[in-house]
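> kindly generate the corresponding structure for this input.
(one chain, ligands or ions: 1)
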Amino acid sequence: MESGCWQAGERAETAGERPVVLVVAVALVDVDGRVLIAKRPPGKKMAGLWEFPGGKVDAGETPEQALIRELKEELDIDTRQSCLAPLTFASHAYDDMHLLMPLYACRVWQGDPVPKEGQELAWVRPVKMKDYPMPPADIPLIAMLRDLL
Ligand SMILES: Nc1nc2c([nH]c(=O)n2[C@H]2C[C@H](O)[C@@H](COP(=O)(O)OP(=O)(O)OP(=O)(O)O)O2)c(=O)[nH]1
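Down below sits the predicted model:
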């Protein structure tokens, strides 16, 4: 078997004892088809990399509730569960955890996104996202956004 996914799968099977961590993220899409990404602030893990808004799902929350909460906290915008469309997901082994990250698409929200946590924001077309360094888990999502949005 020569295919690339077969070879890559051999290397990825080392997750072992790492906890699976559920993080929810969203592609906020504007009328021009651009997607909002935010730069992780200094001091955080993977500081300086660009990511989709979102965060960890707390105990007792649904993924959608967590995302609505994170969008308010990080960007001061309001959206609703009915405006969150499941798009794809990332499943990636980091050194300390295995990240499971559903990615939603959202085109309807209220308010203008403002960086509540001092993070830099950018509206970027999926074809241009490769110019913005992102966490390794996010890399496969870029091509999916290009195809699915
Ligand atoms: N929000 C978001 N998180 C991402 C993306 N890609 C990716 O690997 N992550 C990782 C980074 C973090 O380890 C985790 C999100 O955690 P978080 O934003 O709620 O909290 P944090 O960075 O303060 O995490 P921590 O210090 O508590 O580990 O998911 C992404 O596109 N968006």
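> what mean pLDDT does the one helix or strand residue 145 maps to get?
For residue 145, the element it lies in under DSSP states H and E is helix 139-148. Helix 139-148 shows a mean pLDDT of 96.
> next one: stretch 99-107
Here the average pLDDT along stretch 99-107 is 98.
> and if you look at stretch 28-35?
Computed over stretch 28-35, the mean pLDDT rounds to 98.
> now do stretch 40-52
Mean predicted lDDT for stretch 40-52 stands at 94.
> and that stretch with the ligand, contact?
Yes. Legend: contact between stretch 40-52 and the ligand by Cβ under 6 Å from any ligand atom is shown at 44, 45, 46, 51, 52. (C-beta placed from N, C-alpha, C; glycine too.)
> show me what counts as buried in that stretch.
Residues of stretch 40-52 classed as buried by neighbour count (16 or more other Cβ atoms under 10 Å): 40, 49, 50, 51, 52.
> hang on, the earlier thing: save the residues of stretch 40-52 next to the ligand as TSV, and put in secondary structure and distance to residue 27 too.
Output for those, formatted as TSV (DSSP: H, G, I helix; E, B strand; the rest coil; distance: Cβ to Cβ, whole Å):
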residue	secondary structure	distance to residue 27
44	coil	21
45	coil	22
46	coil	19
51	strand	11
52	coil	6
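> residue 26: which of these is nearest?
residue 52 (6.0 Å; Cβ to Cβ).
> separation between that closest one and residue 145?
Going from residue 52 to residue 145 by Cβ to Cβ, to the nearest Å gives 9 Å.
> hey, what's in contact with both of the two?
The contact sets of residue 52 and residue 145 overlap at 27, 35 (Cβ atoms under 8 Å, 6 or more residues apart in numbering).
> I'm done for today, thanks for sticking with me.
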